[in-house]
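**Student:** Here is my input; please provide its structure:
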Amino acid sequence: MSPKNLPTQPDQRQEILARRRNHKMAESAHAYVRGSTVKFYEWLEESGGRIPDGPPVWICGDCHVGNLGPVANAKGRIGIQIRDVDQTVIGNPAHDLIRLGLSLATAARGSDLPGVTTALMLEQMIEGYMMTLDGELGGDAVRKKPSVVRVGMREAIGRTWKHLARDRIKDIRPSIPLGKRFWPLTDDERAEVEELFRKDQVRRLVTALHSRDDNDWIELLDAAYWVKGCSSLGRLRIAVLLGVGEGHYDEGGLSLIDIKEAVQAAAPRVSRTGMPRDNAERVVAGAENLSPHLGDRMRPARLLDRAVFLRELLPQDIKLDFDHLTREEATHVAFFLAAVVGKAHARQMDEATRRSWRGELARNRTKSLDAPSWLWSSIVDLIVGHEAAYLEHCRRYAERPDA
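**Tutor:** Next up is the predicted model:
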């Protein structure tokens with residue numbers, strides 16, 4: 001798609017975005033899992049299985065393996081945390097466990113691992129999660145990272161602005177090149193973005209990183225509609241390139257801001273809680289509780305009469321590669337990632353609540369499976385429904401070889 005043929009109006013974007021999203025979800029069964037959050041909760045409700053009512057805490061709501069990985073905070077410190085909280089709500093932590101289990105199961109199938117590996121992964125997943133409920137909130141077992149995580153962490157630590165620019169905008173010059181990934185904004189959208197960055201709360205987000213001064217001058221260098229993600233395709237999403245302070249064309253003075261529309265979460269929420277009603281405020285509050293590194297770099301706002309949240313993208317925020325796992329690696333990954341999720345949940349609970357929730361998870365185990373029977377049956381049911389829906393999706397939307 002050449003720059004001359006790019007959509008310039010919001011109503012022109014939707015048909016193209018829907019087509020791209022459908023094709024992307026048809027690429028693999030795991031891609032379909034990542035893009036079908038709403039369907040996940042529909043399938044879960046239809047399955048009729050008994051899921052325990054865990055203590056009400058902020059949950060990710062879309063806890064698949066792609067949403068866990070290296071995240072840097074405002075001071076540059078890197079940790080493995082939840083890296084996407086669009087679906088976050090105060091809800092049942094069991095939903096994050098089931099979503100993660102389904103994602104791990106499809107990742108195992110994508111790596112051509114036998115079915116018994118899925119059972120072992122679920123056992124290790126519960127083991128890693130429950131360990132964080134013992135009051136350790138970490139420990140030597142969690143610090144022994146799987147090789148795929150160690151590789152990702154080494155890569156994250158060594159990354160600079162140039163890596164971020166090449167990955168995100170395919171250009172290290174202070175501009176956003178229009179094309180397949182970026183489309184032009186309308187005049188009204190551009191004017192609204194410029195007005196947004198005049199507000200003090202947004203300025204403070206930009207100056208919070210890299211020891212910038214609160215009074216640093218901020219210049220909007222470029223902005224474009226961002227065609228990114230799978231589940232987010234079709235929502236308002238804008239990339240903004242800023243220059244900050246004197247000599248802002250240098251690496252330290254450039255800032256890439258992601259503006260993303262916040263919509264109603266698909267994950268069920270617990271009633272009568274203090275969860276914000278505004279969707280952008282909900283997302284930021286969830287991030288602050290689940291993923292402090294990420295929440296430290298986010299702000300809610302309004303743009304074009306929509307709830308949006310902003311975050312400055314950092315070079316260290318990368319996805320981990322779970323496409324090719326050995327059996328040993330798969331079980332290690334399951335343990336480690338579940339411990340990351342468990343730590344995010346457990347930090348919101350007092351000791352008595354953690355002990356009670358751990359006791360509930362320890363129940364309903366069988367001699368043949370050292371994991372709760374409700375977890376196993378839920379994931380088996382979900383895989384069956386997911387496989388049928390994925391094949392039907394491919395029949396409708398995957399490109400045929402002769403097309």
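**Student:** what about T118, distance to A265?
**Tutor:** Using Cβ to Cβ, to the nearest Å, T118 is found at 28 Å from A265. Backbone N, C-alpha and C define where each C-beta goes, glycine included.
**Student:** in stretch 269-281, what's buried?
**Tutor:** Buried residues in stretch 269-281, counting neighbours by 16 or more other Cβ atoms under 10 Å, are found at 269-270, 275, 279-281.
**Student:** what about the helix ranked longest in the chain, average pLDDT?
**Tutor:** Ranked by residue count and defined by DSSP state H, the top helix of the chain is helix 373-397. Averaged across helix 373-397, pLDDT comes to 87.
**Student:** Quick one: residues in contact with it.
**Tutor:** Here helix 373-397 makes contact (Cβ atoms under 8 Å, 6 or more residues apart in numbering) with 22-23, 25-26, 29, 32-33, 36, 39-40, 43-44, 46-47, 49-52, 94, 97-98, 101-102, 105-106, 118-119, 122, 126, 364-366, 369.
**Student:** Which positions within it qualify as buried?
**Tutor:** 374-376, 378-379, 381-383, 385-386, 390, 393-394.
**Student:** Any chance of JSON lines for those residues, columns distance to L113?
**Tutor:** Shown next, in JSON lines, are these (distance: Cβ to Cβ, whole Å):
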{"residue": "W374", "distance to L113": "23"}
{"residue": "L375", "distance to L113": "19"}
{"residue": "W376", "distance to L113": "17"}
{"residue": "S378", "distance to L113": "20"}
{"residue": "I379", "distance to L113": "15"}
{"residue": "D381", "distance to L113": "20"}
{"residue": "L382", "distance to L113": "18"}
{"residue": "I383", "distance to L113": "14"}
{"residue": "G385", "distance to L113": "21"}
{"residue": "H386", "distance to L113": "17"}
{"residue": "Y390", "distance to L113": "18"}
{"residue": "H393", "distance to L113": "23"}
{"residue": "C394", "distance to L113": "22"}
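**Student:** Can you tell me which of those residues lies closest to L6?
**Tutor:** H393 (27.0 Å; Cβ to Cβ).
**Student:** Does A285 touch P276 like I think?
**Tutor:** Yes: at 5.7 Å, A285 and P276 qualify as touching, with contact defined as Cβ atoms under 8 Å.
**Student:** In PyMOL, how would I select just the buried ones from the contacts of helix 373-397?
**Tutor:** The PyMOL command for the buried members of the contacts of helix 373-397 (criterion: 16+ other Cβ under 10 Å) is given here:
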select buried, resi 22+25+26+29+32+33+36+39+40+43+44+47+49+51+52+94+97+98+101+102+105+106+118+119+122+126+364+365+369
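**Student:** Just the ones in strands from the contacts of helix 373-397, please.
**Tutor:** Counting by DSSP state E, no part of these is found in strands.
**Student:** Of the contacts of helix 373-397, which belong to helices?
**Tutor:** Those of those lying in helices (DSSP H): 22-23, 25, 29, 32-33, 39-40, 43-44, 46-47, 94, 97-98, 101-102, 105-106, 118-119, 122, 126.
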